[in-house]
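Participant: This is the structure alone, sequence omitted:
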DNA sequence: TTGAAAGCGCTAACAT
DNA sequence: ATGTTAGCGCTTTCAA
């Protein structure tokens, strides 16, 4: 049986309160007493019972992270980043998978009894929309990620989707591309990453004086590699002309790239390709994939920081904030400039 | 403030025991009573306090999963599989990252106070070795994964590394390859995946009457794509001849493949390539990568099952067991048979 | 600087 | 079929 405060107290010849004080780094303890207690703790290999502690204190030292799927690289890398941040604060992370955009499961997680084990939640929905905003009115600290819901009643950490997408498009325009296909649009979507990124694309074209050709929009249902490949195949089959592809995320871009190569098209000579997300894999594909780093580490760091602030400061609540991360264009082989191509 | 058993009991006009019985699905309750209690539960939005429950019962409903890094696809996909299995049993998973083979951190995790929040641990070390076996003598249910430690004092779920690696090699031999380079060997390693997989390679060659040429062993320190790329570059630079590459994991193989393609070699026409692990990405690379599925889902399912059995059955302890998953060769484009190649 | 005692919300043994 | 009661191990007043 594991040792308890009582065992330690008995061995050290003090009360349990004194042991508790030592364990919790209370300042006013006689050095000799502290020493005796520490000795007993070591000897008995005492470890505080966290269930008892949290029952009493109401804190668990655990934060929840709800995301679609760990097998999607972006979310695995996000989880990695969140866990590193949490570890710095001596917090541990409980991950919940909600499936790829399963709205019901997302809503279910928000009121899951499992969250009782948690001091707060970082929540990255993919299926919920602004209509579900009310459901974010929960009784625990909650930080929202992603671009499904804006203006909700909670802190929101997100990226500059429109601006970043505009920058990606401009990156292609600067390289001489004029007919830029988009892979990954969502039919009729008004909210969410796809809609925002298409909007950025539209703005960049507009500023460049290019009108948007709807036949250059490749629609998909999900954002897996397979979907990117299929949409690309359809577009090739349709016969529409294009000199660049903008994958609304890296996975789509990688899928599209593979189809282009199968079709005998050279990247970037015949078609330039850019993605979005900056997942690790883009640094190793053939060719390496230009992409947008939306500031994933910053998002993770901000989310953990804001959540811990909310958890700690229940005293003086402040209004929900929105935090936007800095993005950057990662210039890689898949968009080498026209000049260099022509020189070949 | 959240409602407690007492609140519900008061509202329903019964004792807390009755409420507890209803909550825990105890059978012998009058239907009318149950109904009244359920109504009160709904009305008060009662949720059991899990800290109190686990303090009392000694169970948390949480299992730990300690693995190197979520940003390594194999482990992300393993975590995904473990979480799905756990969810089936209404368990939640607490993930701890130990870093890529950091022995000290692995040892630290084994005695982390955070494990107090956990009923047991699934542990996948990368840095510890058989010398550290004693450290697996812990006071909580523990299931070991991986191939760093064999014959330890705990249940061990692992794959048939030698056999699977032999099968991968034979797959290449059957396709007419005779000079098979290995990417990912570890200098002087006697334990661990690399050593076992090299052993399988050796056995396959031996059976085929081919002597192992040490210059075909590409050594690396870690198993990232970068390492595979570097080792492949070195081997190309060394001038040694080969007609196939066996990457000891998929990531290495993908890195190697990229270097081969940069060097103008065609896959599989000039060099056939096979990997190991069966990560998702191998289905989408160009060409798609032949690989070994070591039975990841089966490993996850077994690990969760065995752990829950150990957690439940503290009554009649049985000796530690080893569980071996079934593997299979995934035949993809990177190893299309010589016959078809010659026909081109 | 230290101790005594109450009680967080629940389960389980025992009673009825 | 339901109620009573005693803790699980800890933190937190309140005292001394």
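Facilitator: Noted; the coordinates are in hand. Model, not experiment: these values are computed from the prediction. Numbers count the residues shown, from 1 in each chain, chains lettered A, B, ... in the order given.

Participant: Show me what whichever strand or helix holds residue A:299 is in contact with.
Facilitator: Remark: residue A:299 resides in helix A:296-312, with elements defined by DSSP states H and E. Contact with helix A:296-312 is made by A:59, A:63, A:74, A:77-78, A:81-82, A:84-86, A:89, A:91, A:119-122, A:141, A:143, A:145, A:155, A:157-159, A:277-278, A:321, A:323, A:325-326, as judged by CB atoms under 8 Å, 6 or more residues apart in numbering or on different chains. All C-beta spots, glycine's among them, are computed from the backbone N, C-alpha and C.

Participant: again, only using 7 Å
Facilitator: A:63, A:77-78, A:81-82, A:85-86, A:89, A:119-120, A:122, A:141, A:143, A:145, A:155, A:157, A:159, A:278, A:323, A:325-326 (CB atoms under 7 Å, 6 or more residues apart in numbering or on different chains).

Participant: Show the subsequent helix or strand relative to that helix.
Facilitator: Sequence-wise, the next helix or strand downstream of helix A:296-312 (DSSP H and E) is strand A:322-325.

Participant: Could you list every helix and strand in contact with that next one?
Facilitator: Here strand A:322-325 touches strand A:155-159, helix A:296-312, going by 3 or more CB pairs under 7 Å, 6 or more residues apart in numbering or on different chains; DSSP states H and E.

Participant: Report the buried residues of the next helix or strand after that strand.
Facilitator: Per DSSP H and E, the first helix or strand lying C-terminal to strand A:322-325 is strand A:328-330. By neighbour count with 16 or more other CB atoms under 10 Å in any protein chain shown, strand A:328-330 contains the buried residues A:329-330.

Participant: So which elements touch strand A:328-330?
Facilitator: By 3+ CB pairs under 7 Å, 6+ apart, strand A:328-330 packs against helix A:161-174, strand A:291-293.

Participant: That strand: how far from the chain's middle?
Facilitator: The chain centre lies 17 Å from the centre of strand A:328-330; the measure is CA atoms, centre = their mean, to the nearest Å.

Participant: Give the pairing partners of that strand; include direction for each.
Facilitator: Using DSSP bridges, the strands paired with strand A:328-330 are strand A:291-293 (antiparallel).

Participant: what sits up against the partner strand?
Facilitator: So strand A:291-293 is contacted by A:164, A:167-168, A:250, A:274-278, A:282, A:327-330 (CB under 7 Å, 6+ apart).

Participant: pLDDT weak spots in the stretch 1-150 of chain A?
Facilitator: A:1 (pLDDT under 70).

Participant: what does it have sitting close to DNA strand D?
Facilitator: For the stretch 1-150 of chain A, the residues in contact with DNA strand D (CB under 7 Å from any atom of the strand) are A:1-2, A:4-6, A:16-17, A:20, A:23-24, A:46, A:48-49, A:52-53, A:55-57.

Participant: Give the buried subset of those residues as a PyMOL selection command.
Facilitator: Buried subset of these, written as a PyMOL selection, criterion 16+ other CB under 10 Å:
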select buried, chain A and resi 4+5+20+23+46+48+49+52+53+55
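
Participant: Contacts for the helix or strand where residue A:34 lies, please.
Facilitator: Residue A:34 is part of helix A:31-44 when elements are defined by DSSP H and E. Residues from elsewhere that reach helix A:31-44 (CB under 7 Å, 6+ apart): A:3, A:7-8, A:11-12, A:14, A:18-19, A:22.

Participant: and if we set it to 8 Å?
Facilitator: Residues contacting helix A:31-44 (CB under 8 Å, 6+ apart): A:3, A:7-8, A:11-14, A:18-19, A:22-23, A:46.

Participant: what angle sits between the helix or strand that comes right after that helix and helix B:50-57?
Facilitator: Heading C-terminal from helix A:31-44, the first helix or strand you meet, by DSSP H and E, is helix A:50-57. For helix A:50-57 against helix B:50-57, the angle by axes from the mean of the first three to the mean of the last three CA atoms, to 10 degrees is 130 degrees.

Participant: and the angle for the helix or strand just after helix A:50-57 with helix A:50-57?
Facilitator: Next along the chain after helix A:50-57, taking DSSP H and E as the criterion, comes strand A:62-67. Between strand A:62-67 and helix A:50-57, the angle formed by their directions is 100 degrees, by the same axes, to 10 degrees.

Participant: Let me see the residues that make contact with strand A:62-67.
Facilitator: So strand A:62-67 is contacted by A:75, A:78-79, A:82, A:86, A:91-98, A:106, A:109-110, A:114-115, A:117-125, A:304, A:307-308, A:311, B:94, B:117 (CB under 8 Å, 6+ apart).

Participant: Now intersect those with the strands, please.
Facilitator: Using DSSP state E, A:92-97, A:120-123, B:94 are the members of the contacts of strand A:62-67 that sit in strands.

Participant: and residue A:183, what does it touch?
Facilitator: So residue A:183 contacts A:218, A:220, A:228, A:231-232, A:235, A:245-248, A:252-253, A:255-256 (CB under 8 Å, 6+ apart).

Participant: beta partners of residue A:180?
Facilitator: Per DSSP bridges, the residues bridged to residue A:180 are residue A:244.

Participant: Report the separation between the residue nearest the centre of chain A and residue B:124.
Facilitator: Nearest to the geometric centre of chain A sits residue A:78, at 4.5 Å (CA atoms, centre = their mean). From residue A:78 across to residue B:124, the span is 21 Å (CB to CB, to the nearest Å).

Participant: still on that earlier bit, would you list the helices and strands packed on strand A:322-325 in CSV and tack on mean neighbour count, distance to residue B:201 and mean pLDDT?
Facilitator: As requested, the helices and strands packed on strand A:322-325 are exported to CSV (neighbours: other CB atoms under 10 Å in any protein chain shown; distance: least, CB to CB, whole Å; pLDDT from 0 to 100):
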stretch, mean neighbour count, distance to residue B:201, mean pLDDT
strand A:155-159, 24, 45, 97
helix A:296-312, 20, 38, 95
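
Participant: which stretch among those comes nearest DNA strand D?
Facilitator: helix A:296-312 (12.8 Å; CB to the nearest atom of the strand).

Participant: how close does residue A:20 get to DNA strand C?
Facilitator: Distance, residue A:20 to DNA strand C, using CB to the nearest atom of the strand, to the nearest Å: 8 Å.

Participant: Could you say which helix or strand holds that residue?
Facilitator: Residue A:20 is part of helix A:16-23 when elements are defined by DSSP H and E.

Participant: between that helix and helix A:50-57, how many degrees?
Facilitator: 100 degrees.

Participant: Could you list every helix and strand that helix A:16-23 packs against?
Facilitator: helix A:5-12, helix A:31-44 (3 or more CB pairs under 8 Å, 6 or more residues apart in numbering or on different chains; DSSP states H and E).
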